[in-house]
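[1] coords below, sequence missing:
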């Protein structure tokens, strides 16, 4: 597990060099998916009203917010990777490293119907008002943001549908670790907050 001295040598989260104004824009290929299966998925899991499921050209900046998700696993290096990524001039920080937006505590009450369908427009509106710097992303086509929430990996029974409804363009960067090492690291992490745990 990480020692306290190891943390001191890591770069500070969100300390970033100045952006290079000459950075080139990020280009996106048209979506490559089976339209029939996509329609079946939307019908079953999403309510897409007042918004295009896959953003049109004038809203292409949305494809970069988030551009990818780091869903975990916990104590596998997501914080370190996030800190390194944040130093890149083309990464626009989200509100915080772990948005936890798609977890039940933040998502279910406001963005899921009783039939477990996701309200896409309402969820995106929140994301772009609260979680991502929409103005910067709109005016600089070289920037992208991401969500690094390790907890997403442990809720694979419900989160993939939510994420795909809200951000069908998303890419996943999953970090795994030897399960024994991960358990040992997590044990020491929990002990910091609950020292009486055996």
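    Happy to help now that I have it. Computed from a predicted model, the values in this text were never measured in an experiment. Residues are numbered from 1 along each chain as shown.
[2] show me the contact partners of stretch 160-168.
    31, 33, 38, 41-42, 45-46, 48, 53-54, 66, 69, 102, 107, 111-112, 116-118, 120, 123-124, 127, 152, 170 (Cβ atoms under 8 Å, 6 or more residues apart in numbering). In short, each C-beta sits where N, CA and C put it, glycine included.
[3] what about those, which are in strands?
    46, 69, 118 (DSSP state E).
[4] list the buried residues of the helix ranked longest in the chain.
    Looking across the chain with DSSP state H, the single longest helix is helix 179-193. For helix 179-193, a neighbour-count test (16 or more other Cβ atoms under 10 Å) marks 182, 185-186 as buried.
[5] could I get the average pLDDT for that helix?
    For helix 179-193, the mean pLDDT works out to 87.
[6] just stretch 67-79 next, same as before
    90.
[7] ends of that stretch, how far apart?
    End-to-end distance for stretch 67-79: 17 Å, by Cα to Cα, to the nearest Å.
[8] from the chain's centroid, how far away is it?
    Centroid displacement of stretch 67-79 relative to its chain, using Cα atoms, centre = their mean, to the nearest Å, is 9 Å.
[9] and if you look at stretch 124-139?
    13 Å.
[10] buried residues, that stretch. List them.
    By 16+ other Cβ under 10 Å, the buried positions in stretch 124-139 come out as 124, 126-128, 131-134, 137-138.
[11] farthest-apart pair in those residues, please.
    Farthest apart among those by Cβ to Cβ are 126 and 138. That separation is 17.1 Å.
[12] residue 165 versus the residue nearest to the spatial centre of the chain, what's the distance?
    Compute the mean C-alpha point of the chain, and by Cα atoms, centre = their mean the closest residue is residue 147, 2.5 Å away. Residue 147 sits at a distance of 15 Å from residue 165 (criterion: Cβ to Cβ, to the nearest Å).
[13] what of residue 143?
    24 Å.
[14] that older thread, my guess is the residue nearest to the centre of the chain contacts residue 99. True?
    Yes: here residue 147 reaches residue 99: they are 4.7 Å apart, a contact under Cβ atoms under 8 Å.
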